[in-house]
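[1] no FASTA, just this:
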């Protein structure tokens, strides 16, 4: 078990590995964690270690298939590449 990070995570692709394997994530509600984690759907966003411990007791409320579906819908290589290309086009003009 890893201890929750205590800094504003910019966006780690490693956070997507767990739900891609149908494993819910419990993370501090900091940085970009609201983007990959749907609170109560693919895991829990918490504000303290105590809240993380409480979230562990509720982890069975998370549908593992929903975790995988969220990754498949929003974070596939194709989807992310399309989003990057769209952003680059928007910046360039």
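    Noted; the coordinates are in hand. What you are looking at is a predicted structure, and each value in this text was computed from that prediction instead of being measured.

[2] name the residues that touch the longest helix seen in the chain?
    Under DSSP state H, the helix in the chain containing the largest number of residues is helix 77-92. Outside of helix 77-92, the residues within contact range by C-beta atoms under 8 Å, 6 or more residues apart in numbering are residue 73. The way it works is simple: take the backbone N, C-alpha and C, and place the C-beta from them, glycine included.

[3] state the mean pLDDT of that helix.
    Across helix 77-92, pLDDT averages out at 91.

[4] in the protein, where is pLDDT below threshold?
    Applying pLDDT under 70 to the chain flags residues 1-13.

[5] where along it do the helices fall?
    Counting by DSSP H, the helices of the chain are 14-20, 49-57, 64-74, 77-92.

[6] go through those helices and pick out the most buried.
    helix 14-20 (a mean of 17; mean count of other C-beta atoms under 10 Å).

[7] who touches that one?
    9, 24-25, 27, 33, 36-37, 42-43, 67-68, 70-71, 75.

[8] biggest separation within those residues, which pair?
    9 and 68 (21.4 Å; C-beta to C-beta).

[9] quick one, the longest helix of the chain and helix 64-74 angle?
    If you take axes from the mean of the first three to the mean of the last three C-alpha atoms, to 10 degrees, helix 77-92 sits at 40 degrees to helix 64-74.

[10] residues in contact with the residue lying closest to residue 58 once chain neighbours are set aside?
    Setting aside the residues directly before and after it, residue 58 is nearest to residue 44 in space (C-beta to C-beta, 6 or more residues apart in numbering), at 7.1 Å. Residues in contact with residue 44 (C-beta under 8 Å, 6+ apart) are 24-27, 37, 51-52, 55, 58-59, 62.

[11] okay, and which of these map to strands?
    With DSSP state E as the criterion, strands contain 25-27 from among the contacts of residue 44.
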